[in-house]
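J.: Fold the following, please.
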Amino acid sequence: MEQDNTLASQSFIPVILGANIGVYSTARAFHEQYGAKSINISRQLIGPVKDSVILKPIIEPNMAENKSLLECLETIRQAYPDIPKILIGSADWHVHKIAGIRDQLDEEWVIPYSTSEVLNRVTNKSKFYELCEELNVDYPKFLSFGGESAENLELPFDFPVVIKPANSSSYQLVKFAGKKKVFIAEDRQEFEKIISIVREGQYKDDLIIQEFVPGDDTAMHILTLYTAQNGETKLASFGQTLLEDHTPGGIGNPVVIRTFRNDEAVEQAKRIVEHVGYVGYSNFDLKYDERDGKYKFFELNPRLGRSNYYVTAEGHNTTEYYVKDYIENEKMEFSMAENEVLYTVVPKRLILKYTKQQSLKDKVKALYKAKQVKNPMYYFAVDNRIKRLFYVLVSTFNFFRKFKKYPPL
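T.: Numbers count the residues shown, from 1 in each chain. Reported below is the predicted structural model:
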C-alpha cells in the first residue's frame with residue numbers, strides 16, 4: 001500500500017468500515033475536531049465517500065470474511081506502523097466482526113466496542129426486550145418466531161403487525177428479492193407471504209412479530225449514548241425524527257432530525273447499557289406511543305447510526321469521546337445534549353411538504369431562520385472537488401424523486 005503523507009503524520013488514524021453517509025459523517029467529525037483524515041474499507045466505492053479529501057478509500061470485496069479483513073488491516077498496519085488506529089464499524093455486522101477478531105489484532109488497534117457476548121445480548125431483539133422487561137424499560141408487545149411457516153401461528157395482537165429480524169447482523173448479509181429492513185403486514189395473507197419470502201431468502205434466525213405502534217414519522221425518535229471503558233455513560237443525545245426514508249432498502253432511516261432534551265428516555269437507556277457492562281456508542285430507536293404517552297424502545301444498534309451527525313451538529317462531536325477515552329485516557333464528565341438544531345440530508349421544501357403538524361413546520365422555519373440547520377454532506381469549505389460537489393447536489397435533489405415514488409404514509 002502506498003503511504004499517504006497526511007495519514008502518516010497523524011497521532012492516530014480512524015479506520016472506518018463501510019461507505020454510507022454515516023461513514024462520511026464520522027470522518028467529517030474527526031476532521032472537524034482534529035484535522036484528521038480517515039481510512040474507510042468497503043466492498044465497493046459509492047457516492048457518500050467517493051472523491052473526498054478527508055477519506056482514503058480501500059476496496060476489499062471479501063471484507064465479510066475474517067481472513068480477508070485481517071489481511072487488509074495488516075496491510076494498513078504495515079503502511080502506518082506505531083500509530084494508534086481506531087477501528088470503527090458503520091453497520092451491526094461490522095461491529096460483530098470487529099469484536100470477533102479483536103484477539104487477532106495487535107495493540108496498535110483501538111477497539112471501542114463491547115465483547116461479543118455483551119453485543120449478542122443487547123442486539124438480539126428478543127434478548128433486548130427481555131432486558132427491557134427486567135429493567136422496567138418501556139417496549140412494544142412482541143412475539144419471537146423461529147418457524148418456517150406462519151400458517152398456524154396465533155398472534156396476541158391485531159393487525160397491522162411489524163415483522164423484522166431478531167438478528168440484524170445476520171440479516172444484513174443475506175440478499176433476496178423483496179428484502180426490506182422492516183415489513184408491515186396489514187392482514188393475515190400478507191403476513192404469511194412476508195414470512196415465506198424472508199425464509200426463502202435464507203434468513204434462518206428468529207423473526208420479531210411486533211405490535212404496530214400508531215404514529216407517523218414524527219412519532220419516531222432516536223437516542224445516542226456513549227459509555228466509556230469504565231462503564232459510565234458520558235454522553236446522551238436525543239432527537240425527534242421529522243422525516244424518514246421510505247424506499248424499501250432504506251425504510252426507517254431518519255433523514256431529518258430535530259434535537260432536544262429527554263431525561264426520562266435517557267435514564268431508561270442508561271439502565272440497559274450500564275446493567276450489562278456495555279461500552280462504546282449505542283444508538284436506540286424509539287417511538288412515542290400516543291395511546292399511553294410513553295416512548296417505546298424498539299432496538300439498540302451497537303454503533304453510531306447513519307444519521308450520527310445529528311449529535312455533532314448539536315454541539316457534541318462524537319469522535320471526541322473515542323479520542324479522549326482511548327487515545328488520551330482523559331477523564332470525562334457526563335454531558336446531556338440539549339441544544340435544538342435541525343439535522344437534514346433533504347431539501348427544506350420536502351421537510352415542509354411532508355411535515356403535517358403546523359407547530360413542527362413553524363419549528364423548522366425558525367431553525368432555518370436561526371441558521372441552526374446542518375447537513376453532513378455540506379462540507380464544501382474542505383471537500384470541494386468538482387465531482388464530489390456534483391454528487392452531493394444530485395443526491396440531495398434525488399430525494400424529490402424518491403419521495404414522489406415512496407411518499408410517507
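
J.: and the protein, what are its domains?
T.: 5-111, 141-211, 217-375 (automatic domain parsing).

J.: Compare those domains and say which comes out lowest on pLDDT.
T.: For the domains of the chain, the weakest mean pLDDT is recorded on domain 141-211, namely a mean of 93.

J.: centroid residue for this structure?
T.: Nearest to the geometric centre of the chain sits G305, at 1.8 Å (C-alpha atoms, centre = their mean).

J.: List the contacts of that one.
T.: Counting by C-beta atoms under 8 Å, 6 or more residues apart in numbering, G305 touches 22, 222, 224, 254, 283. Backbone N, C-alpha and C define where each C-beta goes, glycine included.

J.: same deal with H94?
T.: Going by C-beta under 8 Å, 6+ apart, H94 touches 17-18, 303.

J.: and with 7 Å instead?
T.: When contacts are counted by C-beta atoms under 7 Å, 6 or more residues apart in numbering, H94 touches 17-18.

J.: tell me which element it is part of?
T.: Here H94, judged by DSSP states H and E, is contained in helix 92-101.

J.: Pull the distance from the longest helix along the chain to the chain's centre.
T.: The longest helix of the chain (DSSP state H) is helix 386-405. Centroid separation between helix 386-405 and its chain, computed with C-alpha atoms, centre = their mean, to the nearest Å, is 21 Å.

J.: and what of stretch 172-191?
T.: Centroid separation for stretch 172-191 versus its chain: 20 Å, with C-alpha atoms, centre = their mean.

J.: end to end, how far does it reach?
T.: End-to-end span of stretch 172-191 (C-alpha to C-alpha, to the nearest Å): 21 Å.

J.: returning to that earlier point: distance of the residue nearest to the centre of the chain relative to K125?
T.: Separation of G305 from K125 (C-beta to C-beta, to the nearest Å) stands at 16 Å.

J.: same check, this time on A29
T.: For A29, the distance to K125 - C-beta to C-beta - is 28 Å.

J.: who's more crowded, those two?
T.: Under the criterion of other C-beta atoms under 10 Å, the comparison of A29 against K125 puts A29 first, with 26 against 23.

J.: Am I right that the more buried one is in contact with E314?
T.: No - between A29 and E314 there is no contact under C-beta atoms under 7 Å: 11.9 Å.

J.: Helix, strand or coil: sort out V15 for me.
T.: Here V15 is strand, with the state taken from DSSP: H, G, I helix; E, B strand; the rest coil.

J.: So in terms of bridging, what pairs with the nearest residue to it once chain neighbours are set aside?
T.: Leaving out its chain neighbours, the residue that sits closest to V15 by C-beta to C-beta, 6 or more residues apart in numbering is I39, at 4.8 Å. Following DSSP bridges, I39 is listed with bridge partners V15, K56.

J.: Please enumerate the helices of this structure.
T.: Using DSSP H, helices in the chain cover 5-8, 21-34, 66-79, 92-101, 116-123, 125-134, 168-171, 188-200, 263-276, 309-314, 318-322, 348-354, 358-369, 386-405.

J.: Tell me which of those sits nearest to G250.
T.: helix 386-405 (8.6 Å; C-beta to C-beta).

J.: List of residues touching that closest one?
T.: With C-beta under 7 Å, 6+ apart as the contact definition, helix 386-405 has outside contacts at 47, 50-52, 247, 346-347, 350, 354, 377, 380.

J.: just checking, I351 touches V256?
T.: Yes - between I351 and V256 there is a contact under C-beta under 7 Å: 5.4 Å.

J.: These two: which has the busier surroundings?
T.: Neighbours around I351 and V256, counted as other C-beta under 10 Å, are more numerous at V256. The numbers are 26 against 21.

J.: and the more buried one, what is it in contact with?
T.: By C-beta under 7 Å, 6+ apart, the contact set of V256 is 241-243, 342-344, 346, 351.

J.: Of those - the most surrounded one?
T.: Greatest neighbour count in the contacts of V256, by other C-beta under 10 Å, goes to T344: 29 neighbours.

J.: nearest residue to it other than its sequence neighbours?
T.: Per C-beta to C-beta, 6+ apart, closest to T344 is V256, 4.6 Å.

J.: Relative to L235, how far out is that neighbour?
T.: Separation of V256 from L235 (C-beta to C-beta) stands at 22 Å.

J.: Please apply the same query to L119.
T.: The spacing between L119 and L235, counted by C-beta to C-beta, is 20 Å.

J.: what's the offset of stretch 247-266 from the middle of its chain?
T.: So, by C-alpha atoms, centre = their mean, the centroid of stretch 247-266 is 10 Å from its chain's centroid.

J.: Buried residues of it, list them for me.
T.: For stretch 247-266, burial by neighbour count (16 or more other C-beta atoms under 10 Å) applies to 250, 252-260, 262, 265-266.

J.: which among those gets closest to P81?
T.: N253 (37.8 Å).

J.: Check whether the closest one really touches D245, as I assumed.
T.: Yes - here N253 reaches D245: they are 4.3 Å apart, a contact under C-beta under 7 Å.

J.: any common contacting residues for these two?
T.: Contacts common to N253 and D245, judged by C-beta under 7 Å, 6+ apart, are absent.

J.: Return the residues in contact with Q104.
T.: Going by C-beta under 7 Å, 6+ apart, Q104 touches L70.

J.: What separation do you get for it and S169?
T.: 19 Å.

J.: With I111 instead?
T.: 17 Å.

J.: Tell me if I'm right that L367 and K361 touch.
T.: No - applying C-beta under 7 Å, one finds L367 not in contact with K361, separated by 11.0 Å.

J.: Compare those two (neighbour count), which wins?
T.: Comparing L367 with K361 by other C-beta under 10 Å, the one with more neighbours is L367, at 18 against 15.

J.: how close does the closest residue to the more buried one other than its chain neighbours sit to K353?
T.: Nearest residue to L367, sequence neighbours excluded (C-beta to C-beta, 6+ apart): L342, at 4.4 Å. Separation of L342 from K353 (C-beta to C-beta): 15 Å.

J.: Export the strand of greatest length in the chain to CSV, keeping only CA atoms.
T.: If you go by DSSP state E, the chain has its longest strand at strand 233-244. Provided in CSV are the C-alpha atoms of strand 233-244 (Å, rounded to 0.1, in the frame of the first residue of the first chain):
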residue,chain,number,x,y,z
THR,A,233,-22.3,6.8,30.4
LYS,A,234,-20.6,10.1,29.3
LEU,A,235,-22.9,11.5,26.6
ALA,A,236,-26.6,11.3,25.8
SER,A,237,-28.2,13.0,22.7
PHE,A,238,-31.9,12.7,21.9
GLY,A,239,-33.8,13.7,18.8
GLN,A,240,-37.2,13.5,17.1
THR,A,241,-37.4,12.2,13.6
LEU,A,242,-39.4,14.6,11.3
LEU,A,243,-38.9,12.6,8.2
GLU,A,244,-37.8,9.1,7.3
